[in-house]
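Enquirer: just coords:
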């Protein structure tokens, strides 16, 4: 089995400095894909840049927490507060989505609106993922599969991070939490296969979110597993709370520096098959033919 690698920037459109970093890293050849927030303040700037970057594949970064809704807040009170803000109370939201039919209907309406907003950009949909990996929740995943089918969703990120990296980046406890999620991850992969939605085998970037520096990237690339791997980062030309209050500890510029590092680029170039989800999906299909 080959090594297949996708290097992605999340939160595309959240801030102009993220968009600038995505453009720099794509033009340098280090970045293959970006995940677009369709309701963020710099979304239009992100879409404009994406149209000028032929090697950048763009996916939908569905936001259901720590962001703003697409729909009028009055239509989705179970999803957003009266200002349209979707707060990060994911546990309580998850309970509502599971038990309340009205909450599920509103969730589906918001997810559908975000898919429609992405389609309106005219960009080809490379993949789908969810801010803060809320799609681990089975109800959220079900709705994504339902709505995604209507919009030709080709691929979805699975948040399956190796224990060694989670423990290295954030300590043993996050590694154990990741291990405890294994049954949910296995079920997610099973459901995606049944729905004929392509997905990665492994991911890097969860436990070390916002702090994937040169050393971390080189460590990943030195132990790149067989199969399809996605590395996701949050590069920007500014760092921390300037981007978002919830990212006060993020080292965005360090992640951009890592993508700009000659040592990292050399290691990336040694990977035989690299691209967005679209390219990797085609390459995997050819290898299985």
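Expert: All right, it came through fine. Bear in mind that the values here come from a model prediction, so they are computed numbers and not experimental data.

Enquirer: ok, which stretches of the stretch 51-200 of the chain are helices?
Expert: Ranges of helices in the stretch 51-200 of the chain, per DSSP state H, counting those that start in this stretch, are 90-99, 101-121, 138-150, 163-170, 172-180, 182-194.

Enquirer: out of these, flag the one nearest residue 16.
Expert: Of all the helices of the stretch 51-200 of the chain, helix 101-121 sits nearest to residue 16, with 17.1 Å by CB to CB. Every C-beta, even on glycine, is put in place using the N, C-alpha and C of the backbone.

Enquirer: who does that closest one touch, helix- and strand-wise?
Expert: On a contact count with 3 or more CB pairs under 8 Å, 6 or more residues apart in numbering; DSSP states H and E, helix 101-121 meets strand 57-62, helix 90-99, helix 138-150.

Enquirer: just name the shakiest helix or strand of this structure by mean pLDDT.
Expert: Ranking every helix and strand in the chain by mean pLDDT, DSSP states H and E puts helix 172-180 at the bottom, with a mean of 65.

Enquirer: ok so, going back, turn the helices of the stretch 51-200 of the chain into a markdown table, including distance to residue 244 and mean neighbour count.
Expert: A markdown table is the format used below for the helices of the stretch 51-200 of the chain (distance: least, CB to CB, whole Å; neighbours: other CB atoms under 10 Å):
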| stretch | distance to residue 244 | mean neighbour count |
| --- | --- | --- |
| helix 90-99 | 16 | 16 |
| helix 101-121 | 18 | 18 |
| helix 138-150 | 22 | 19 |
| helix 163-170 | 20 | 18 |
| helix 172-180 | 21 | 15 |
| helix 182-194 | 27 | 14 |
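
Enquirer: quick one, phi psi at residue 261?
Expert: Phi and psi for residue 261, reported as degrees, to the nearest 10, are phi -70, psi 130.

Enquirer: residues contacting it?
Expert: 214, 217 (CB atoms under 8 Å, 6 or more residues apart in numbering).

Enquirer: pLDDT wise, what is it at?
Expert: Looking at residue 261, its pLDDT reads 96.

Enquirer: before we move on, what about residue 127?
Expert: 98.

Enquirer: and it, how many neighbours?
Expert: By other CB atoms under 10 Å, 28 other residues sit near residue 127.

Enquirer: hang on, it packs against residue 35?
Expert: Yes: Residue 127 is in contact with residue 35 according to CB atoms under 8 Å; the separation is 7.3 Å.

Enquirer: now do the shared contacts for the two.
Expert: 59-60.

Enquirer: separation between residue 213 and residue 148?
Expert: Here residue 213 is placed at a distance of 33 Å from residue 148 (CB to CB, to the nearest Å).

Enquirer: actually residue 139, not the one I wrote
Expert: Counting by CB to CB, the gap from residue 139 to residue 148 is 14 Å.

Enquirer: quick one, phi psi at the nearest residue to residue 12 once chain neighbours are set aside?
Expert: Closest residue to residue 12 apart from its sequence neighbours, by CB to CB, 6 or more residues apart in numbering: residue 34 at 3.9 Å. When read as degrees, to the nearest 10, the backbone of residue 34 gives phi -140, psi 150.

Enquirer: quick one, what contacts residue 34?
Expert: Residue 34 makes contact with 8-10, 12, 22, 26, 46, 50, 56-59 under the criterion CB under 8 Å, 6+ apart.

Enquirer: just put the helices and strands packed on helix 101-121 in CSV and tack on distance to residue 77 and mean pLDDT.
Expert: Shown next, in CSV, are the helices and strands packed on helix 101-121 (distance: least, CB to CB, whole Å; pLDDT from 0 to 100):
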stretch, distance to residue 77, mean pLDDT
strand 57-62, 19, 98
helix 90-99, 11, 74
helix 138-150, 17, 95
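
Enquirer: for residue 247, find the nearest of these.
Expert: Closest to residue 247 of these is strand 57-62 (CB to CB; 14.3 Å).

Enquirer: so what touches that closest one?
Expert: The contact list for strand 57-62 (CB under 8 Å, 6+ apart) reads 8, 10-12, 32-38, 50, 111, 114-115, 118, 123-131, 134-135, 144, 155, 275-279.

Enquirer: off-centre distance for it?
Expert: 7 Å (CA atoms, centre = their mean, to the nearest Å).

Enquirer: nearest spatial neighbour of residue 162, skipping sequence neighbours?
Expert: Distances taken as CB to CB, 6+ apart place residue 202 nearest to residue 162, at 6.1 Å, with adjacent residues excluded.

Enquirer: please consider this matter closed, and thank you.
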